[in-house]
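1. here is a sequence together with a model predicted from it:
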Amino acid sequence: MHQQDQAFLDALIAAGVDYLFTGHWHSNRVQAQGPILEFNTQPLVMGGLDLSPAGYRVVTLDGDALSVTHHTVVEAPVFEVVSPLSDGCVRQPSFDVVAAVELGTDAVTVSASLDNAAPMELVYQGGWAWAASVGGISVGNHTLEVTVWICSAPTFAGANSSSQTDTTGATGSWARPPWRSPA
């Protein structure tokens, strides 16, 4: 909804509207417009202007409970770590891990492990972006492994295969070559 549409928004609020479904901006976003929750969905054929892949939403209303599930349509899976850069340096004492992930399924979890430590979950940022901050790094070379998990059963399962994705069950892991944290 455009910012200048305040009169329209006020009329919707006065009419008791709780949810608004739009698509004009060709993007995938969910945002609050005052007390109204707006679901903007990108086109099914060409994707969004925000570079989100083609998609659609399934909406279910059970009494007063609204359930909205977003689905994407991609020609090929996308899975790449975009930060930190390969063979690059990061600033101490923390840096952001950012992965671009789009597999055409909703049940995805992305995690990262620095130097074989316990994995941490990356948080969905919108579009194809998943991110988390890593702190407490020391000077020296480090290894980062990012793994994408697809839930095909009550538990998650993963496989270590470089940049490969099996959409029927599990996923791939991507290991960044060692990189340095400068002094």
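-> Looks like it arrived, so ask away. Numbering: from 1, shown residues only.
2. tell me which stretches of the chain form helices.
-> 6-14 (DSSP state H).
3. can you list the low-confidence ranges for it?
-> The chain contains residues with pLDDT under 70 at 1-4, 24-25, 92, 104-107, 151-183.
4. at 50 what do you get?
-> 152-183 (pLDDT under 50).
5. can you check which strand is longest in it?
-> Longest strand in the chain, counting residues (DSSP state E): strand 140-150.
6. now it: how far from the chain's centre is it?
-> 17 Å (Cα atoms, centre = their mean, to the nearest Å).
7. skipping its backbone neighbours, what lies nearest Asn28 in space?
-> Ser52 (4.2 Å; Cβ to Cβ, 6 or more residues apart in numbering). For every residue, glycine as well, the C-beta is placed using N, CA and C.
8. can you tell me which residues contact the one you found?
-> 27-28, 42, 72, 126-128 (Cβ atoms under 8 Å, 6 or more residues apart in numbering).
9. just among the residues you listed, which is most surrounded?
-> Highest neighbour count within the contacts of Ser52: Gln42, with 27 neighbours (other Cβ atoms under 10 Å).
10. how much space separates it from Val82?
-> 21 Å (Cβ to Cβ, to the nearest Å).
11. what about the nearest residue in space to Pro35 that is not next to it in sequence, neighbour count?
-> Excluding the flanking residues, the one nearest Pro35 by Cβ to Cβ, 6+ apart is Ile13, at 6.2 Å. Per other Cβ under 10 Å, the neighbour tally for Ile13 reads 14.
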